[in-house]
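Undergrad: What follows is a predicted structure for the sequence shown.
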There are 4 protein chains.
Amino acid sequence: MRSFEMKNRTCTEDIKSLRLITAIKTPYLPDGRFDLEAYDALVNMQIENGVEGVIVGGTTGEGQLMSWEEHIMLIAHTVNCFGGNIKVIGNTGSNSTREAIHATEQGFAVGMHAALHINPYYGKTSLDGMVLHFQSVLSMGPTIIYNVPSRTGQDIPPHVIQNLAQSTYLAGVKECVGNDRIKEYTDNRIVVWSGNDDQCHDARWGYGATGVISVASNLIPGLMQQLMFVGKNPALNSKLLPLIDWLFHMPNPIGLNTALAQLGVVRPVFRLPFVPLPLEKRIEFVNLVKEIGREHFVGTQDVQVLDDDDFFLSHDQ
Amino acid sequence: MRSFEMKNRTCTEDIKSLRLITAIKTPYLPDGRFDLEAYDALVNMQIENGVEGVIVGGTTGEGQLMSWEEHIMLIAHTVNCFGGNIKVIGNTGSNSTREAIHATEQGFAVGMHAALHINPYYGKTSLDGMVLHFQSVLSMGPTIIYNVPSRTGQDIPPHVIQNLAQSTYLAGVKECVGNDRIKEYTDNRIVVWSGNDDQCHDARWGYGATGVISVASNLIPGLMQQLMFVGKNPALNSKLLPLIDWLFHMPNPIGLNTALAQLGVVRPVFRLPFVPLPLEKRIEFVNLVKEIGREHFVGTQDVQVLDDDDFFLSHDQ
Amino acid sequence: MRSFEMKNRTCTEDIKSLRLITAIKTPYLPDGRFDLEAYDALVNMQIENGVEGVIVGGTTGEGQLMSWEEHIMLIAHTVNCFGGNIKVIGNTGSNSTREAIHATEQGFAVGMHAALHINPYYGKTSLDGMVLHFQSVLSMGPTIIYNVPSRTGQDIPPHVIQNLAQSTYLAGVKECVGNDRIKEYTDNRIVVWSGNDDQCHDARWGYGATGVISVASNLIPGLMQQLMFVGKNPALNSKLLPLIDWLFHMPNPIGLNTALAQLGVVRPVFRLPFVPLPLEKRIEFVNLVKEIGREHFVGTQDVQVLDDDDFFLSHDQ
Amino acid sequence: MRSFEMKNRTCTEDIKSLRLITAIKTPYLPDGRFDLEAYDALVNMQIENGVEGVIVGGTTGEGQLMSWEEHIMLIAHTVNCFGGNIKVIGNTGSNSTREAIHATEQGFAVGMHAALHINPYYGKTSLDGMVLHFQSVLSMGPTIIYNVPSRTGQDIPPHVIQNLAQSTYLAGVKECVGNDRIKEYTDNRIVVWSGNDDQCHDARWGYGATGVISVASNLIPGLMQQLMFVGKNPALNSKLLPLIDWLFHMPNPIGLNTALAQLGVVRPVFRLPFVPLPLEKRIEFVNLVKEIGREHFVGTQDVQVLDDDDFFLSHDQ
């Protein structure tokens, strides 16, 4: 599907220059449907604090728990409401090539500026198959490839990326393997975003990364903006590390979901299999907020320790 | 789902004032998928000729042959590319209340300006059930109710519409029963669009109709604009009637699809159960174009009589 | 998709000989999902009273309110539990040829004995399109064509049926237009089931119909069995007509759903847009049961007049 | 959804005693749809050679590349055609709890004898979340839990299994971590099937495993039956190891798919992202067949080395 109206199309170069992209949280209503009002408020907070792009329905946004219909709708909604102010990158990746093709066609048709693509997790495939998988979607528009072996069970080796970099649509790589891998790419002029909040400061200022695709920026967009734009700042980085460690001590987005609920910016609703962090960790978060400063976090309500009974678990939508 | 970003929301009054709305054709690629490039060109021709709104995925646009995923994507695409220039009215109606609710939520979430809703066809229901069906969706945003008993097997009686008119979201009725029924509504200050191209001139100038939701305007948007805006014009109306009769001598959009293919603005691809008109009718169309004047029709290629072999029939998507 | 294991396949002749087929009700749980326990009990009552086949997900079974996933699952479930005792005819028809093809492939893959197919309702098409629509599915297995213009808005004319009758897979026609039309077919050795309970006695004994596809047999399977098997019985027929009139005074299956709930054999749950009959009609039903005799109806509980508050309306599944 | 007809229900004990279960291959037509004729032939070969159960739509059967509609249809088809001769275990697991619940309900509704469930891969979750995920489906019927950290990125620790073992529906564990882990379970009377063909002989005869859920048995069902039933046989085991190494040198089912195509029992059609093994590996397979003996493999045609051009890659279904 090709669109005659190309005026909204972002060129790949526009994506390559983004320094701070948030893997945005998807908030829910108590019945498990999307809470679009809360979502719109979250995206607005990102824009107001200098974030330049959002990943819609990433692993942080729990794309794997959405139907494709919901997923494409959320991309379209984000484009419609915020596409003029922030780059909208749809996670239209899948371990099924058919699904990835179909979702990516739809995502670009509804106006997303770029696609995020994962290698086939769980089912996995050979490297030849991996290349064909990515090539099946790379011709559709600007694309970021996402490498996270701890989730997929399979590393995307550099030679695969080098191969794909021949396409003018490859914007770059979201890399979670570490800063040495990042340097290998940036030495070869391949754009990289760190996929690890704890390493992104060093990646940006010491290893050539263009920026970060961040989870922490859901909470502290302004501080992450400083970290990526203002210059080397090991003091700020150190100050944030305890929060980042807390965020990732359990599989993301369990920490993020718990944190945003306690900041009062999303309802305390989880889609299974995600469940809230236990009480002692919820108390830790309130202390971390106090140490860093409530004013640096999204939302305006007092941060609070929620009770077990405050949370809803949903498996209906 | 409620959206925080209401700036794009059209108020019901904006819908009530539209005089010319096109039930836009959905063009296909040979494999049966949407041909978005041709679609965008069609919508642009509508805008350039003064059409104020489009129905996306109506019976003319073959919404009943789309998956909901395709359908919502097409609404989102239209909003994204043309929402600033034309009102986008999504046909999110269904004979299943559940589907109508879900699609209408999604349609408004991706930015459509209004919804078109049908009474439950085929399965039908009681009048109490019909009212509940419409009330289930009427609170979501501006709504046009569509009455076409020749398709649904069941008339929406005026007292049902009077009941629904208490909602501030009821924009009006697309009425196909005839001009006396239209007058019954307009006498009671209910907005009506004629759903019959052959009656719309009289409906507009003699029975109080606000305008038309038109099939013919796919072909001759400028002439339909004259008919609805410039004033009573029985000569023009008479001139168009042979074309309109031709368009509807078989179930719509068989004639429209054949015509647009022969005008060279869409590929000659049909989704089954629709098939092209037979050769003698295709020849008739070329003669009608010559009588009315090629310049009044969309597209710039010479109109041609296509051969049977030029057409593709698809049942794959 | 062809199956190697043909041992379960019913030949078309087996379908042609069925005299009493029930368009079986789909019962729901309060959350709107299928109540399979109640369903299995209903089907068992049919088998015990001599019914030879069931239509799964017909208009009576509210197939138009099911997702295809639910629909195929219910066909598969019925085959798995009862396929050895009763013929399972899946309503895999649709107004979309693509959907009809896909559902029919799936239905035969899971073991249904025959398919029921409707002409394209609501969207409609030309007679050429109608023939192609039916031909697209007729090669897959034994097929019954269903003609009900009051729902579809379009009659299937006899010459279309004559054309399709060249296929060895055409089992016959479910005809609702009337007994003269039935005679036109049976004179030409085309098998017909009456689709009107009020006409089926005469159709069977006076116009050559093989039998009936019945709604009333959900309630009184044993009496319908007498009507179709034992011989001409105008007294019994007359005795049943008030019940049949009551069943169809509003669009089916509103009456049936209300009746089965009051007989205590299904939960009083409706999927919108269907709603229960009003109180005075519910009282009428109880009187009808008493006149005909509770023992002739399915279930063993006392028939009761339910209150408005006893009913659930669902639009969630 | 509960079924009244429980006569087909397998009790958990029947599942616990199975020694040889095949994770059955799903064959495709050139257009990417299921090739049910080839599938039925494959299942028949399994039954004839003593295999007692099949996993339908496992990772070997490429369940992750199916729509749920296809997946449930294949389970239903297998039950309908073969349910009397072999236990049908549906892989209705998912990393989405909602999907797992829905698919498992449907699978049991269409008659599957047991469900296979995976922990949430890719998205992952906390151990509390993992337990809730499994508990959400464990009440529906006999269940096998599948632990394969190399695919999921997350081990299911023994204390989670011990917890779930309190349910009478836990049939056992398909364990890929190794034979020491297996022994830890079998010492505690938890039933285990080895998920590694290269370790299954030792697991069965030395570590208490009940049997194997095998990939290799797609190819050599009779030999795998010997390995699991007849008694300790290190000679046979050693003879098979080169074939097993070959099968798993790339992510499964790439080797299996290539092998079955070269044996002439399935069409050489791959769903992307899977692609055939390269030529040198295809030659190796033919040599392995000759060493072990063609007569021990499924099919009756000569094994052949296919050319690159013989293979179809599909991403359409």
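TA: Sure, I can see it. As the structure is a computational prediction, the values presented were derived from the model and not from experiment. Numbering: from 1, shown residues only, chains lettered A, B, ... in the order given.
Undergrad: how close does A:Cys200 get to chain B?
TA: A:Cys200 sits 29 Å away from chain B when distances are taken as CB to the nearest CB, to the nearest Å. C-beta: built from backbone N, CA, C; applies to glycine.
Undergrad: What distance do you get for that residue to A:Trp193?
TA: Relative to A:Trp193, A:Cys200 is positioned 8 Å away (CB to CB, to the nearest Å).
Undergrad: Identify the contacts common to the two.
TA: Counting by CB atoms under 8 Å, 6 or more residues apart in numbering or on different chains, the residues touching both A:Cys200 and A:Trp193 are A:Ala209, A:Gly211, A:Val212.
Undergrad: Going by distance to chain D, which of those residues wins?
TA: Closest approach to chain D among the shared contacts of A:Cys200 and A:Trp193 (CB to the nearest CB): A:Val212, at 20.8 Å.
Undergrad: dump the residue contacts of the closest one.
TA: Residues near A:Val212 by CB under 8 Å, 6+ apart: A:19-21, A:193-195, A:197, A:200, A:203-204, A:224, A:227-228.
Undergrad: just the buried members of the residues you listed?
TA: Neighbour counting over those (16 or more other CB atoms under 10 Å in any protein chain shown) leaves A:19-21, A:193-195, A:197, A:200, A:203-204, A:224, A:227-228 as the buried ones.
Undergrad: Where do the helices of the stretch 201-317 of chain A begin and end?
TA: Using DSSP state H, counting those that start in this stretch, the helices found in the stretch 201-317 of chain A span residues A:221-229, A:234-248, A:254-262, A:279-292.
Undergrad: a markdown table for those, including distance to chain B and mean pLDDT?
TA: Below are these laid out as a markdown table (distance: least, CB to the nearest CB, whole Å; pLDDT from 0 to 100):
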| stretch | distance to chain B | mean pLDDT |
| --- | --- | --- |
| helix A:221-229 | 17 | 98 |
| helix A:234-248 | 25 | 98 |
| helix A:254-262 | 16 | 98 |
| helix A:279-292 | 24 | 98 |
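Undergrad: Identify whichever of those lies nearest to C:Gly178.
TA: C:Gly178 sits nearest to helix A:254-262 of all the helices of the stretch 201-317 of chain A, at 62.5 Å, using CB to CB.
Undergrad: which residues sit against the closest one?
TA: By CB under 8 Å, 6+ apart, the surrounding residues in contact with helix A:254-262 are A:25, A:27, A:42, A:60, A:215, A:218-219, A:246-249, A:266-268, A:270, A:274-277, A:281-282, A:285-286, A:298, A:303-306, A:310-311, D:125-126, D:129.
Undergrad: any chance of the shared contacts of A:Cys200 and A:Trp193 in JSON lines, plus pLDDT?
TA: Listed next are those as JSON lines, based on pLDDT from 0 to 100:
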{"residue": "A:Ala209", "pLDDT": "98"}
{"residue": "A:Gly211", "pLDDT": "98"}
{"residue": "A:Val212", "pLDDT": "98"}
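Undergrad: Quick check: nearest residue in space to A:Pro221, chain neighbours excluded?
TA: Distances taken as CB to CB, 6 or more residues apart in numbering or on different chains put A:Asn49 closest to A:Pro221, at 3.5 Å, once the chain neighbours are dropped.
Undergrad: With A:Tyr122 instead?
TA: D:Tyr121 (4.6 Å).
Undergrad: what's near enough to touch the one you found?
TA: Contacts of D:Tyr121 were listed using CB under 8 Å, 6+ apart, and they are A:Tyr121, A:Tyr122, A:Arg151, A:Gly153, D:Asn95, D:Arg151, D:Thr152, D:Gly153, D:Gln154.
Undergrad: re the thing from before, out of the buried ones among the contacts of A:Val212, which is nearest to chain D?
TA: Closest approach between the buried ones among the contacts of A:Val212 and chain D, by CB to the nearest CB: A:Gly195, at 14.3 Å.
Undergrad: roughly how far apart are that closest one and A:Ile55?
TA: Distance, A:Gly195 to A:Ile55, using CB to CB: 10 Å.
Undergrad: Relative to chain D, how far out is the residue of chain A found nearest chain C?
TA: Distance from chain C to each residue of chain A (CB to the nearest CB) is smallest for A:Asp316, at 8.3 Å. For A:Asp316, the distance to chain D (CB to the nearest CB) stands at 7 Å.
Undergrad: What is the neighbour count of the nearest residue to that residue once chain neighbours are set aside?
TA: With CB to CB, 6+ apart as the criterion, A:Asp316 has its nearest non-adjacent residue at 4.6 Å, and that residue is A:Gly32. A:Gly32: 19 surrounding residues under other CB atoms under 10 Å in any protein chain shown.
Undergrad: wouldn't A:Gly32 be in contact with A:Leu272 here?
TA: No: shown here, A:Gly32 and A:Leu272 do not form a contact pair, counting by CB atoms under 8 Å, at 9.3 Å.
Undergrad: which parts of the stretch 51-200 of chain A sit against chain B?
TA: A:68-69, A:72-74, A:76-77, A:79-83, A:106, A:109-111 (CB under 8 Å from any CB of the partner chain).
Undergrad: Repeat the analysis, applying 7 Å as the threshold.
TA: Contact residues, the stretch 51-200 of chain A versus chain B (CB under 7 Å from any CB of the partner chain): A:68-69, A:72-73, A:76-77, A:79-81, A:106, A:109-111.
Undergrad: which of the residues you listed are buried?
TA: Buried by 16+ other CB under 10 Å: A:68-69, A:72-73, A:76-77, A:79-81, A:106, A:109-111, out of these.
Undergrad: For those, work out which two are farthest apart.
TA: Greatest spatial distance in those: A:Trp68 and A:Cys81, 20.3 Å, computed using CB to CB.
Undergrad: my read: A:Leu223 touches A:His296, true?
TA: Yes: the pair A:Leu223 / A:His296 is scored as a contact, 5.3 Å apart, by CB atoms under 7 Å.
Undergrad: Show me which of these two is the more surrounded one.
TA: Taking other CB under 10 Å, A:Leu223 and A:His296 do not tie; A:Leu223 has more neighbours (22 against 18).
Undergrad: so what's that one up against?
TA: Counting by CB atoms under 7 Å, 6 or more residues apart in numbering or on different chains, A:Leu223 touches A:Leu236, A:Leu240, A:His296.
Undergrad: quick one on the thing from earlier: where do the contact lists of A:Gly32 and A:Leu272 overlap?
TA: Jointly contacting A:Gly32 and A:Leu272 under the rule CB under 7 Å, 6+ apart are A:Ser314.
Undergrad: which residues in the stretch 1-150 of chain A form helices?
TA: Assigned by DSSP H, counting those that start in this stretch, the stretch 1-150 of chain A shows helices spanning A:12-16, A:36-48, A:68-82, A:97-109, A:127-138, A:149-152.
Undergrad: got CSV for those, with mean pLDDT too?
TA: Formatted as CSV, the helices of the stretch 1-150 of chain A follow (pLDDT from 0 to 100):
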stretch, mean pLDDT
helix A:12-16, 97
helix A:36-48, 98
helix A:68-82, 97
helix A:97-109, 98
helix A:127-138, 98
helix A:149-152, 98
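Undergrad: For D:Thr10, which of these is the nearest?
TA: Among the helices of the stretch 1-150 of chain A, the nearest to D:Thr10 by CB to CB is helix A:97-109 (32.6 Å).
Undergrad: How about the residues of chain A by chain D?
TA: Checking chain A against chain D by CB under 7 Å from any CB, the hits are A:59, A:62, A:64-65, A:95-98, A:101, A:120-126, A:128-130, A:132-133, A:136, A:150-153, A:250-251, A:254, A:272-275, A:315-317.
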